[in-house]
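1. build me a model:
(chains A and B)
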Protein chains: 2
Amino acid sequence: MQDFQNNMLPKFEQNTAAFLNNLSAEKTLKDAMAYSVEIGGKRIRPLIIMAICSFYNRPIDNDVLAVAGSLELLHTYSLIHDDLPEMDNDDLRRGKATNHKVFGQAEAVLAGDGLLTLAFDWITRTGLNSKSKIDLIAVLAEAAGPEGMVSGQVADIEGERKTLNLEQLKKVHERKTGALLKYACQAGGILSEAKDNELDLLVNFGASFGLAFQIYDDILDVVSTTKEMGKAVHKDEIENKNTYPGILGLDGAYQSLEQSIEEAHKILVKLNADESILADFLEYFKGKDSK
Amino acid sequence: MQDFQNNMLPKFEQNTAAFLNNLSAEKTLKDAMAYSVEIGGKRIRPLIIMAICSFYNRPIDNDVLAVAGSLELLHTYSLIHDDLPEMDNDDLRRGKATNHKVFGQAEAVLAGDGLLTLAFDWITRTGLNSKSKIDLIAVLAEAAGPEGMVSGQVADIEGERKTLNLEQLKKVHERKTGALLKYACQAGGILSEAKDNELDLLVNFGASFGLAFQIYDDILDVVSTTKEMGKAVHKDEIENKNTYPGILGLDGAYQSLEQSIEEAHKILVKLNADESILADFLEYFKGKDSK
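-> Purely as a prediction, here's the structure:
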């Protein structure tokens, strides 16, 4: 896994930075977009795309890098808008000042708008055939839009004012964070021309991975320090947010995390991918265990 | 023209409302998106698309209505975000309270994000072939994104703090309002399978029309009342905005408007469309003449 990341990420970072830099756009807008993209983060979504292509022996060429970069732009837009004063009002993201703290609130809204639009734009500019481009854009737009992530965000904000049960919480997160992780798996499959039944399995893997991802994120908010996380922690409890540890207790949340990982692993077995780099992604959830 | 509008707009409105209503999304999000879309407006962009299809005898079927609706969703997103407190801070739009005044600032950001994403989503859901879909999405994303409208908006905000000359002002508006009007013309051409040289002429028509549109909008801000416009007027002068009447004087602005209309008309002659419904759009600029 570490080798894979070390091998892939420099190309990915360089390609994404070059795409943004080559745009014919206002300088402050380019600076604001590049700032949040280049703060970094784990790049899990693009890495999933590249890992699936790698599993299918699909070359990681400029088209794959573009589709992976496009997803990271879209993910970054969602973080910039989430951090806005009218939304989560966060000053810190990945250990750095959030976009609106550096560039002002108007520029942050526009940087997010720009990145969201670019995510679709970039796919159209690849050398893929029209059918693959449209498949990718169709799945991405549905995952990111009102039937996916945007509704998840609305439900999350509204959920702060009421207590959710486990099913309701899952439904919020399936859309808020799960949808894009599922798209990452589908995109890898589309780029690799995976068969329909394999695409279905990849989608299911994405769903289980997404659930594990969110439970783990909630657990980290409880057991970590701000220094470790590079963002405010214990915010969930302070803001009375609905979380997996809140509903299930910390032990119960760890159990649910294990179940989701197990579920994801079973799907990889069906795909004959249980020894692949894709399986290593499940190690991500082993980093922080307070038990 | 009036006949064309009376014939087309009810279908357009009904189809757009149905698309939004059928989405599987959070209710408050759907309400917020529908509110701003259904406030109305002149629907000039979708009407241009339909007028071009009509000129080419291309049936106004559900695919045309979808592409026209998609553009109106994207235009509406830009208005919702423009009106936000951190942007133009407008309370009134088309005679009604702006989105954030009704639904709150967080929902308004998300309603805009949702509509922008849906604009691309809707094109993917049409029955058009993959090539046409990708052509439409590619041109729309470029027109709406950091190389188009979003940079225009950034330049507009930054221009408020300095005095622009005529060329600089034109460059702001070519992106801020011109880009989407040009897209409307291109989209009509793509839907009608117009030849390349005709597409070029349509783009040029869109550019001249867009310039006339902005000059006229600036003139209206000077000579109209709030009641007539359904939004605050004389804001440009109060906020020291760069405008055509500000740079050219009111008479000079009227002259520039006439020139742009004449330019647009010449292009229609080349297209043999000078007797078509498309020519009637130039009558739009005859409504308000204070001279």
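2. from the middle of its chain, how far away would whichever strand or helix holds residue A:157 be?
-> Assigned by DSSP states H and E, residue A:157 belongs to helix A:149-159. Computed by CA atoms, centre = their mean, to the nearest Å, the chain-centroid distance of helix A:149-159 equals 16 Å.
3. strands of chain A, start to end?
-> Using DSSP state E, the strands of chain A run over A:92-93, A:96-97.
4. in JSON lines: those, plus mean pLDDT and mean neighbour count.
-> C-beta here means a position set from N, CA and C on the backbone, and glycine is covered the same way. Formatted as JSON lines, these follow (pLDDT from 0 to 100; neighbours: other CB atoms under 10 Å in any protein chain shown):
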{"stretch": "strand A:92-93", "mean pLDDT": "92", "mean neighbour count": "18"}
{"stretch": "strand A:96-97", "mean pLDDT": "96", "mean neighbour count": "16"}
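5. want to throw those strands into CSV with distance to chain B?
-> As requested, those are exported to CSV (distance: least, CB to the nearest CB, whole Å):
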stretch, distance to chain B
strand A:92-93, 17
strand A:96-97, 17
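6. now tabulate those strands in TSV and tack on distance to residue B:256.
-> Shown next, in TSV, are those (distance: least, CB to CB, whole Å):
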stretch	distance to residue B:256
strand A:92-93	46
strand A:96-97	44
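7. for residue B:141, find the nearest of those.
-> If you check each of the strands of chain A against residue B:141 by CB to CB, strand A:92-93 wins as the nearest, at 25.9 Å.
8. picking that back up, can you list contacts of the helix holding residue A:157?
-> For helix A:149-159, the external contacting residues (CB atoms under 8 Å, 6 or more residues apart in numbering or on different chains) are A:78, A:82, A:87, A:143-144, A:168-169, A:171-180, A:241-242, B:25-26, B:28-29, B:106-107, B:110, B:113-114, B:117.
9. can you do 6 Å?
-> Helix A:149-159 is touched from outside by A:172, A:175, A:176, A:179, A:242, B:25, B:26, B:29, B:106, B:110, B:113, B:114, with contacts defined as CB atoms under 6 Å, 6 or more residues apart in numbering or on different chains.
10. give me the mean pLDDT for stretch A:175-192.
-> Here stretch A:175-192 scores 96 as its mean pLDDT.
11. hmm, that stretch touching chain B?
-> No - if you take CB under 6 Å from any CB of the partner chain as the test, stretch A:175-192 misses chain B, and the best it gets is 8.9 Å.
12. CA atoms of that stretch as PDB?
-> C-alpha atoms of stretch A:175-192 as PDB (Å, rounded to 0.1, in the frame of the first residue of the first chain):
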ATOM      1  CA  ARG A 175     -25.400  10.200   0.900                       C
ATOM      2  CA  LYS A 176     -23.100  12.600   2.600                       C
ATOM      3  CA  THR A 177     -19.900  10.600   2.400                       C
ATOM      4  CA  GLY A 178     -20.900   7.100   1.000                       C
ATOM      5  CA  ALA A 179     -22.000   8.400  -2.400                       C
ATOM      6  CA  LEU A 180     -18.700   9.700  -3.500                       C
ATOM      7  CA  LEU A 181     -16.800   6.700  -2.200                       C
ATOM      8  CA  LYS A 182     -19.200   4.500  -4.100                       C
ATOM      9  CA  TYR A 183     -18.600   6.600  -7.200                       C
ATOM     10  CA  ALA A 184     -14.800   6.100  -6.800                       C
ATOM     11  CA  CYS A 185     -15.400   2.400  -7.000                       C
ATOM     12  CA  GLN A 186     -17.700   2.700 -10.000                       C
ATOM     13  CA  ALA A 187     -15.300   5.100 -11.800                       C
ATOM     14  CA  GLY A 188     -12.500   2.600 -11.400                       C
ATOM     15  CA  GLY A 189     -14.700  -0.100 -12.800                       C
ATOM     16  CA  ILE A 190     -15.900   2.100 -15.800                       C
ATOM     17  CA  LEU A 191     -12.300   3.100 -16.600                       C
ATOM     18  CA  SER A 192     -11.300  -0.600 -16.500                       C
END
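13. buried residues of it, list them for me.
-> A:175-192 (16 or more other CB atoms under 10 Å in any protein chain shown).
14. returning to what we had before: for residue A:138, find the nearest of the strands of chain A.
-> strand A:92-93 (29.9 Å).
15. stretch A:75-86 near chain B at all?
-> Yes - Stretch A:75-86 comes into contact with chain B (CB under 6 Å from any CB), by way of A:81, A:86.
16. close to chain B: what parts of chain A are there?
-> A:23-26, A:29, A:81, A:86-87, A:105-106, A:109-110, A:113-114, A:117-118, A:120-121, A:124, A:130-131, A:133-134, A:137-138, A:141, A:144-147, A:150-151, A:153-155, A:157.
17. give me the most central residue, chain A.
-> Residue closest to the average C-alpha location in chain A (CA atoms, centre = their mean): residue A:45, at 4.9 Å.
18. the stretch 51-200 of chain A: helices as residue ranges?
-> Applying DSSP state H, counting those that start in this stretch to the stretch 51-200 of chain A gives helices spanning A:62-83, A:99-103, A:105-124, A:130-144, A:149-159, A:166-173, A:179-191, A:196-223.
19. those: which one's closest to residue B:223?
-> helix A:105-124 (28.8 Å).
20. show me the shaky parts of chain A.
-> A:225-233, A:237-238, A:287-291 (pLDDT under 70).
21. ok, now with 90
-> Applying pLDDT under 90 to chain A picks out residues A:1-3, A:40-42, A:94-95, A:156-164, A:221-242, A:275, A:283-291.
22. distance between stretch A:124-135 and the chain's centre?
-> On CA atoms, centre = their mean, the centre of stretch A:124-135 falls 22 Å from that of its chain.
23. to clarify, my last question referred to stretch A:17-27.
-> 23 Å.
24. would you mark the buried spots in that stretch?
-> Going by 16+ other CB under 10 Å, stretch A:17-27 has these buried residues: A:19, A:20, A:23, A:25, A:26.
25. neighbours of the nearest residue to the third one once chain neighbours are set aside, how many?
-> Nearest non-adjacent residue to residue A:23, counting by CB to CB, 6 or more residues apart in numbering or on different chains: residue B:146, 5.4 Å away. Under the neighbour criterion other CB atoms under 10 Å in any protein chain shown, residue B:146 is assigned a count of 29.
26. and residue A:136, what does it touch?
-> A:123, A:187, A:190.
27. what's the closest of those to chain B?
-> Relative to chain B, the closest of the contacts of residue A:136 is residue A:123; by CB to the nearest CB it sits at 8.4 Å.
28. and the closest one, what does it touch?
-> When contacts are counted by CB under 6 Å, 6+ apart, residue A:123 is found next to A:70, A:133, A:136, A:137.
29. what about 8 Å?
-> A:66, A:67, A:70, A:133, A:136, A:137, A:140.
30. return the member of the residues you listed nearest to residue B:13.
-> residue A:137 (26.4 Å).
31. I figured the closest one was touching residue A:120, is that so?
-> Yes - assessed by CB atoms under 8 Å, residue A:137 is found in contact with residue A:120 at 5.7 Å.
32. and the angle for the helix holding residue A:157 with helix A:130-144?
-> Here helix A:149-159 points in a direction 0 degrees away from that of helix A:130-144 (axes from the mean of the first three to the mean of the last three CA atoms, to 10 degrees).
33. so how far is stretch A:18-34 off the chain centroid?
-> 22 Å.
34. how about that stretch as CSV, C-alpha atoms only?
-> What follows is stretch A:18-34, C-alpha atoms only, in CSV (Å, rounded to 0.1, in the frame of the first residue of the first chain):
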residue,chain,number,x,y,z
ALA,A,18,-0.9,21.4,-13.6
PHE,A,19,-4.6,21.2,-14.7
LEU,A,20,-5.6,24.0,-12.3
ASN,A,21,-2.5,26.1,-13.1
ASN,A,22,-3.2,25.9,-16.9
LEU,A,23,-6.7,27.2,-16.6
SER,A,24,-7.4,30.6,-18.1
ALA,A,25,-9.1,32.0,-15.0
GLU,A,26,-8.9,34.9,-12.6
LYS,A,27,-5.7,34.7,-10.5
THR,A,28,-7.4,35.0,-7.1
LEU,A,29,-9.9,32.2,-8.1
LYS,A,30,-7.1,29.9,-9.2
ASP,A,31,-5.2,30.7,-6.0
ALA,A,32,-8.2,29.9,-3.8
MET,A,33,-9.0,26.7,-5.6
ALA,A,34,-5.4,25.5,-5.6
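35. before I go, just wanted to say thanks for your time.
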